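Asks: Take a look and give me a structure for this.
(one chain, ligands or ions: 1)
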Amino acid sequence: MIKNILKKIPAHLNGESIKREESCRLCGASSGKLLAVTNYWDIKNASLVQCENCGLTQLDPMLTEDDMSEGCLAYYIEESLRSPEEERKRNLLRNFRKGVLFGYSLKKLHYAPEEVLEFGPGTGYFLQGLKFIFPDIRITVIDINQEVLSFNKSQHNYDTFKTTPEEHIQEFDNRFDLIIARDILEHVMDIAKVFVNVRKYSRPNGLFHFITPNGHEDLWKHYLTYNYLHKHSELLINHVNYFDGNGLLNYLLDKQFTPVEYYTYKLKTTLRGRGWKVRPKLMAAVSQNRSAGYYINEKIAEVKNDTINKEDILNKWYINSKRKYLIYWISWYHHANLIKIDPKLNVGHEIYGLFQIPVKSH
Ligand SMILES: [Zn+2]
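Replies: Numbers count the residues shown, from 1 in each chain. The predicted model follows:
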């Protein structure tokens, strides 16, 4: 019985072979497998097409920069209105603890970063956790959202740059020994350019750390809606890349990145059926062509700007720089990934990567 279930995980994805509107942004292939059709708000209809060469599933056609900034703003408003302030504050602390845990994992591997760059830092609290372990690191963050940057500047005094991970910033070349992209790679339009920049920005033997959803599970909801309801699904958050664990590794190996750690974690989603079970509740909502303009024009005034006081957030008995083992144990208790699965299996919720960046050959 268990054997039979395990055979079904993950499910094989069937799709018609099609000629793509745009070639694969990772490997350039011009055909692919049609897995779903989604509507990104009322902004764009796009297919989810899996590249049969590299395994990456992407929106075809890809969003433009304008599509993305409109949709991102609408999503930011929509999400702020439905998540309670207390929950958002708890997330800051969670991110801090995850940063602490990540810092310890680097220490165990005998790495001590000095210059750190994060793409899309969110609230910046993951980096605060890292800085708790390595107090002398210098931190630079980039984002396309000015509000994110202003928050990071005023809360943490990081160096901030308004740009995308794809855009090449010359003054970053050869500067960083740790580059971080947590839950970012699934959002970028030109994924190959990001990896090129990571190489350029890194000092010799620098590190690249990312987390990104297991693409197979992430696209499962759209796949079900398309294949079982025969409807377009709703895409509100701009996940434009859905990574195949094997394809992503092969790509990075091909670019001479060396894996230090590469695994998938969190099995809860898989146990609930994501990636293999056909159930109505696992399906993505059928598209209503929700209006991005409505949120941007009518609802933005309802978004309250939280006042976040860093001392309050980090005022916890176990956060004490004289007794660092306390925060380590608490962070480990809350966030350690005890079950690590080979991403090649495409099972589990999220892929964790830590790679050594190759020395450039000019
Ligand atoms: Zn490809």
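Asks: which other helices and strands contact the one helix or strand Val194 maps to?
Replies: Per DSSP states H and E: Val194 is located in helix 191-201. Contacts defined by 3 or more Cβ pairs under 8 Å, 6 or more residues apart in numbering; DSSP states H and E place helix 191-201 against strand 176-182. Where you see a C-beta, it was placed from the backbone N, CA and C, and this is true even at glycine.
Asks: Just give the strands next to the strand it packs on in its sheet, each with its orientation.
Replies: Its sheet considered, strand 176-182 pairs with strand 115-119 (parallel), strand 202-213 (parallel) by DSSP bridges.
Asks: Pull the residues that contact the next helix or strand after the shortest one.
Replies: If you walk from strand 115-119 toward the C-terminus, the next helix or strand you reach (DSSP H and E) is helix 125-133. Residues from elsewhere that reach helix 125-133 (Cβ atoms under 8 Å, 6 or more residues apart in numbering): 92-93, 95-104, 106-107, 113, 116, 118, 121, 137, 139, 141, 156, 158, 180, 182, 310, 313-314, 319, 321, 324, 327, 331.
Asks: Same question for stretch 94-107.
Replies: Stretch 94-107 is contacted from outside by 112-113, 122-123, 125-134, 178, 207, 209, 261, 313-314, 319, 327-328, 330-332, 334-336, 354, using Cβ under 8 Å, 6+ apart.
Asks: picking that back up, what about the helix holding Val194, near the ion?
Replies: No. Remark: helix 191-201 sits outside contact range of the ion, by Cβ under 5 Å from the ion, the gap being at least 9.5 Å.
Asks: buried set for that helix?
Replies: Buried residues in helix 191-201, counted by 16 or more other Cβ atoms under 10 Å: Ile191, Ala192, Lys193, Val194, Phe195, Asn197, Val198, Arg199, Lys200, Tyr201.
Asks: so can I have CSV of the residues you listed showing pLDDT?
Replies: Putting the buried residues of helix 191-201 into CSV (pLDDT from 0 to 100) gives the following:
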residue, pLDDT
Ile191, 97
Ala192, 97
Lys193, 97
Val194, 98
Phe195, 97
Asn197, 98
Val198, 98
Arg199, 96
Lys200, 97
Tyr201, 98
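Asks: And the residues you listed, which is closest to Asn45?
Replies: Nearest to Asn45, judged by Cβ to Cβ, of these is Ile191 at 21.4 Å.
Asks: my guess is that closest one meets Asn241, correct?
Replies: Yes. With contact defined as Cβ atoms under 8 Å, Ile191 reaches Asn241; the gap is 5.6 Å.
Asks: Are there residues contacting both of those two? Which ones?
Replies: Jointly contacting Ile191 and Asn241 under the rule Cβ under 8 Å, 6+ apart are Leu56, Leu185.
Asks: In the chain, what residue spans correspond to strands?
Replies: In the chain, the segments counted as strands under DSSP state E are 16-19, 31-40, 44-50, 57-60, 115-119, 138-143, 159-162, 176-182, 202-213, 233-235, 241-242, 258-265, 350-356.
Asks: what residues are up against Phe257?
Replies: Shown in contact with Phe257 (Cβ under 8 Å, 6+ apart): Phe195, Phe208, Phe355, Gln356, Ile357, Pro358.
Asks: can we see that at 10 Å?
Replies: Phe257 is in contact with Phe195, Val198, Arg199, Phe208, Leu249, Tyr251, Gly353, Phe355, Gln356, Ile357, Pro358, counting by Cβ atoms under 10 Å, 6 or more residues apart in numbering.
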